[in-house]
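Undergrad: this one's sequence-less:
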């Protein structure tokens, strides 16, 4: 009888006794950078490893294997009970947008740890490769902002956004028409001039319903226009909507006395698109003007250099190489660079020209949303290899146009007689009698702190300089 009871006790004890406690490693998640594998670049891939068992005093290896041939292994020292760790590798494989890739991550891939459950050590993630549209197109397999056309003539270029404004689909969901007017003094073309090119730009944003370009029509001074070009870009991952620009050649219809553009949206069920504004650019020929070479670059590039968007400012840069001009800097009296950056304002983005950088460069007028920069760049001009850059450091912006105007003449001309040649002069109309700094910016005698006013602070600085025998 005692033997029977003993056997029963042994059986009961064997039934209810817990298994020896062990670590339990599992792969909880697999996450590429910003939750996407991006094309035309290397990618970071992270995996979260959880320990649901007892302390794992390690070490153990975690493997990453992709279906297109990449593999990597990372070592983990230890993971305490109930804790997790994130393991990250860099996959250098260059892929194309649209490629399908399966990522397989295995915790303790070499079976170095005895675990209570070996069935949860592997996790796969199926990914479709996307381009990161917040980067410049140069970095996603696209095109630079190329030179569309060059001119060599006695004449000039003028531009204006007229009375255009930001038309928001949020404010007017069912908008059907968008009209913009230019008065005669918006575009001062001499009476003796001949217009050789008039180009109308209409940038847009948030095309949620696929309106552009086919459900939009344009008339200019009453004449229906045929679209000359359409450029666009978009984020290309997550919630993504096209941004872009429509372009029309309105040379034949341009009127120096005033102009009107009428854009019609035929999309039904709500406009679902917003217009940044319009820009009219006119090149004219006039024998009374100096010889000028003009280069017009066009494209459209959505940019955002925020780290949260998996970009850097260097990557969030659109480049516009200037081609087609024969340049001898010694015969250029002035080089003028005009750039348009829709969506960049106020004080957003960095303009780059041959390595020179101007920060927070673009501004609009607070009514339309086309950021404009217009500056003299003569001192940075080269005979070849001139290139313009639009860079987003921490801004949402677009890049659309780069216009370089080279005026023939003596580069050492000093128009305002302030001692600084126009090519270096940041202030070309310095008031007579003012002193100037090395950049040609004028200031009154006695305005030591250069704040534009003569105050007691200036007197104090002068007194201190006299006492300490220092130069101002």
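TA: Here it is on my side, so go on. Just so you know, these numbers come straight off a predicted model, no measurement behind them.

Undergrad: how about residue 157, nearest residue that isn't a chain neighbour?
TA: residue 283 (5.0 Å; CB to CB, 6 or more residues apart in numbering). Where you see a C-beta, it was placed from the backbone N, CA and C, and this is true even at glycine.

Undergrad: quickly find the element holding that neighbour.
TA: Assigned by DSSP states H and E, residue 283 belongs to strand 279-285.

Undergrad: outside of the helix or strand harbouring residue 371, which residues touch it?
TA: Following DSSP H and E, one finds residue 371 within strand 370-376. Contacts to strand 370-376, defined as CB atoms under 8 Å, 6 or more residues apart in numbering, come from residues 161, 164, 203, 276-277, 279, 334-345, 348-349, 351, 358, 361-364, 397, 422-423, 425-426, 428.

Undergrad: on the C-terminal side of that strand, identify the next helix or strand.
TA: Later in the chain than strand 370-376, the nearest helix or strand by DSSP H and E is strand 387-391.

Undergrad: mind listing the helices for the protein?
TA: 2-16, 456-468 (DSSP state H).

Undergrad: weakest of these by average pLDDT?
TA: If the helices of the chain are sorted by mean pLDDT, helix 2-16 sits at the bottom with a mean of 42.

Undergrad: and the residue most central in space within the chain, bridged to which residues?
TA: The residue lying closest to the centre of the chain (CA atoms, centre = their mean) is residue 303, at 2.0 Å. Beta-bridge partners for residue 303, by DSSP bridges, are residue 397.

Undergrad: wait, doesn't the residue nearest to residue 157 sit right on residue 196?
TA: Yes - using CB atoms under 8 Å, residue 283 is in contact with residue 196, at 5.3 Å.

Undergrad: higher neighbour count, the two?
TA: residue 283 (25 against 14; other CB atoms under 10 Å).

Undergrad: wait, what's in contact with the more buried one?
TA: 151, 153, 155, 156, 157, 195, 196, 197, 198, 294.

Undergrad: overlap of the contact sets of residue 283 and residue 196?
TA: The contact lists of residue 283 and residue 196 share 151, 153, 155, where a contact means CB under 8 Å, 6+ apart.

Undergrad: surely the last one and residue 282 touch.
TA: This points to residue 155. No - between residue 155 and residue 282 there is no contact under CB under 8 Å: 10.0 Å.

Undergrad: hmm, who's touching stretch 85-97?
TA: Residues contacting stretch 85-97 (CB under 8 Å, 6+ apart): 37, 39-49, 62, 64, 66, 68-70, 72, 74, 76, 79, 101, 129-131, 140-141, 236.

Undergrad: which among those count as buried?
TA: 37, 39-41, 43, 45, 47-49, 62, 64, 66, 70, 76, 79, 101, 129-131, 140, 236 (16 or more other CB atoms under 10 Å).

Undergrad: stretch 128-143: end-to-end distance?
TA: Stretch 128-143 has its terminal residues 23 Å apart, counting by CA to CA, to the nearest Å.

Undergrad: what's in contact with it?
TA: Contact with stretch 128-143 is made by 34, 36-41, 95-101, 144, 233-237, 240, 299, 301-306, 309-311, 315-319, 390, 392, 399, as judged by CB under 8 Å, 6+ apart.

Undergrad: flag the shaky bits of the stretch 201-350 of the chain, pLDDT-wise.
TA: Applying pLDDT under 70 to the stretch 201-350 of the chain flags no residue at all.

Undergrad: so where do the strands sit in it?
TA: Ranges of strands within the stretch 201-350 of the chain are 216-220, 223-224, 227-233, 243-249, 258-265, 274-275, 279-285, 291-304, 317-321, 332-342, 350-353, based on DSSP state E, counting those that start in this stretch.
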